[in-house]
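Here's my sequence, what's the structure:
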Amino acid sequence: MSIKIGKHFEVFRSSETIDAGVRIPIILESGRAFGSGEHETTSSCLEELENIPIIRGSKLLDVGCGTGILSIAAAKMGARMVTAIDPDEKAIKVTLESIKLNNLEKKIIPLQGELELVADDDFDVILANLYGDILLNLASGLTARLRPGGYLLLSGILYEYAYDLKKVLIERGFKLLKARYLEEYTTLLFKKKQTAMFA
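This is a model prediction of the structure:
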């Protein structure tokens, strides 16, 4: 059974009939539970993705892409180019399946590996649905790859890491636009200031 998320998305399994309705369909492989959009961190990211004003035409990076659900959502909202990276080989295989199911081979580039593989430093939007301690370790790398004025959407953050993550990013020239405290996790949306002095 499909899942409606936010104002625009509907997640279908590949075995289901895809309704050509008013919502944006995201098609995932049948039988996979993880990354289906049901988890509060994924659904909150999809909901917040809808509110990022520069998605259409953007260059976007999805760090820890999992099934590729956020990459697909961004591409279907009009992102110009999406790089989806994950160190896990199985995750990248699933992402590849998802990309094909959604006919987005020309818009999403899947990469297996760590963030260091990504050389570009001019992304308009970066998404990362990862654990808080991992995000703290990646803070420098994430901020260095986002252009001034770009948006950073983070989730998977247990409450105990939320304060430190907010502090680190604000010190690095980011403005906190929104903090959503879910049942167990936090979702944070930041914007990089035009005058950020360092990455």
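
how near is residue 26 to residue 136?
29 Å (CB to CB, to the nearest Å). C-beta here means a position set from N, CA and C on the backbone, and glycine is covered the same way.

swap that for residue 96, please
29 Å.

now do residue 112
In terms of CB to CB, residue 112 sits 23 Å off from residue 136.

Check residue 45 too.
With CB to CB as the criterion, residue 45 and residue 136 are 18 Å apart.

what about those two, which has more around it?
Taking neighbours as other CB atoms under 10 Å, residue 45 and residue 136 compare with residue 45 leading, 27 against 16.

dump the residue contacts of the more buried one.
Listed by CB atoms under 8 Å, 6 or more residues apart in numbering, the contact set of residue 45 reads 70, 127, 129, 153, 155, 187.

For stretch 149-157, buried residues please.
Buried residues in stretch 149-157, counting neighbours by 16 or more other CB atoms under 10 Å, are found at 150-157.

cool, stretch 104-119 as well?
Counting neighbours by 16+ other CB under 10 Å, stretch 104-119 gives 104, 107-108, 110-112, 115, 118 as buried.

Closest to residue 165 out of those residues?
Nearest to residue 165 among those is residue 115, at 15.9 Å by CB to CB.

which stretches of the chain have low pLDDT?
Scanning the chain for pLDDT under 70 picks out 20, 30-37, 196-199.

residue ranges of the strands in it, please?
Using DSSP state E, the strands of the chain run over 3-5, 9-13, 24-28, 59-63, 81-86, 108-112, 123-129, 146-158, 174-181, 185-192.

Distance-wise, check the residue most central in space within the chain relative to residue 155.
Of all residues in the chain, the one closest to the mean position by CA atoms, centre = their mean is residue 127, 3.3 Å from it. In this structure, residue 127 and residue 155 are 8 Å apart, going by CB to CB.

count of neighbours near residue 7?
Residue 7 has 12 neighbouring residues, counting by other CB under 10 Å.

quick one: it and residue 49 touch, right?
No: if you go by CB atoms under 8 Å, residue 7 and residue 49 don't touch, sitting 10.8 Å apart.

returning to that earlier point: can you name the residues that contact the residue nearest to the centre of the chain?
Per CB under 8 Å, 6+ apart, neighbours of residue 127: 45, 49, 60-63, 70-71, 74, 153-154.
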